[in-house]
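[1] what would the 3D arrangement of this be:
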Amino acid sequence: MEDRTKTIEDLSVEEREEILIDVARTLEGNAREALVEGNQQFAALSTNMAEAIRINAEELARDDLEQAEELLQQAVAMISQFNATHPYRLISTAVH
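    Predicted structure coming up:
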């Protein structure tokens, strides 16, 4: 069976931008959780990276694929690090 892994170059500009925004959204969620736990340094790093991704998403997706791929790798590493240290997250079932 042939491996059909897509790289960032194989995606359309819209798909690239969507992935960048999704990663930024995940970083923001992790930043909120880290802030609640009192980890202000990780929260600040995640928030700053998410903001940088959101601000530059269109340009990265359209013009600078190498930079976009490197930024995605860094963001995924931060998300993975957070997930590794928080394997059992509290899920709220409260009804508002």
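[2] so which residue is smack in the middle of the protein?
    Closest residue to the average C-alpha location of the chain: Val23 at 2.5 Å, with Cα atoms, centre = their mean.
[3] pLDDT below threshold where in this structure?
    1-6, 87-96 (pLDDT under 70).
[4] could you rerun that using 80?
    Low-confidence segments of the chain (pLDDT under 80): 1-7, 86-96.
[5] related to what we said a few turns ago, which one is the residue nearest to the centre of the chain nearest to, not counting chain neighbours?
    Ala75 (4.8 Å; Cβ to Cβ, 6 or more residues apart in numbering). Any C-beta I mention is one placed from the backbone N, CA and C, and that applies to glycine too.
[6] roughly how far apart are the one you found and Asn30?
    Using Cβ to Cβ, to the nearest Å, we find Ala75 at a distance of 10 Å from Asn30.
[7] more neighbours: which of the two?
    Applying other Cβ atoms under 10 Å to Ala75 and Asn30 shows that Asn30 carries more neighbours, namely 23 against 20.
[8] who are the packing partners of the helix or strand hosting the more buried one?
    For Asn30, the element it lies in under DSSP states H and E is helix 13-37. For helix 13-37, the packing partners by 3 or more Cβ pairs under 8 Å, 6 or more residues apart in numbering; DSSP states H and E come out as helix 40-62, helix 65-85.
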